[in-house]
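# Can you look at this prediction? I've put the sequence above it.
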Amino acid sequence: MLFLIALAAAAIVGFVLWKAMTDQPSRTSTRSNAPRRSAAPDDDPEFLRQLDERLRREGEDPPRRR
C-alpha cells in the first residue's frame, strides 16, 4: 500500500514540475517584445492607408469598403 502512495505522489510531483517547466515562456525571449504583425495585407491598417494614398495620387477611386 505504501508503495502505491509513493508512486502516486511521485507521479503528481513529476507532472507538476513538468508543467511548471514547459508552460512558462522564457523571460529572455525577444518574441514578446517584437511588434505584432498582421496576418494578411488587408488586415494591416498601415498597408490600407498607403494603398488609399497611392490610389488618390494616381487619380483612381479607392475600393469601397463593406
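Now that the structure is in, tell me what you want to look at. The structure displayed is predicted, hence computed values, not measured ones.
# how near is I5 to G14?
Distance from I5 to G14, counting by C-beta to C-beta, to the nearest Å: 15 Å. (Glycine included, C-beta is placed from N, CA and C.)
# In the helix or strand hosting Q50, which residues are buried?
In this assignment (DSSP states H and E), Q50 forms part of helix 45-57. Applying a neighbour-count criterion of 16 or more other C-beta atoms under 10 Å, one finds L48 buried in helix 45-57.
# what number of residues lie near K19?
K19: 10 surrounding residues under other C-beta atoms under 10 Å.
# which strands and helices sit next to the helix-or-strand element of the chain with minimal mean pLDDT?
Ranking every helix and strand in the chain by mean pLDDT, DSSP states H and E puts helix 45-57 at the bottom, with a mean of 87. On a contact count with 3 or more C-beta pairs under 8 Å, 6 or more residues apart in numbering; DSSP states H and E, helix 45-57 meets no helix or strand.
# for this structure, what are the low-confidence residue spans?
23-38, 60-63, 65-66 (pLDDT under 70).
# now with 50?
By pLDDT under 50, the chain has no low-scoring segment.
# Which parts of it are helices?
Assignment of helices within the chain using DSSP state H yields the ranges 2-22, 45-57.
# Buried residues of stretch 4-18, list them for me.
In stretch 4-18, counting by 16+ other C-beta under 10 Å, buried: nothing.
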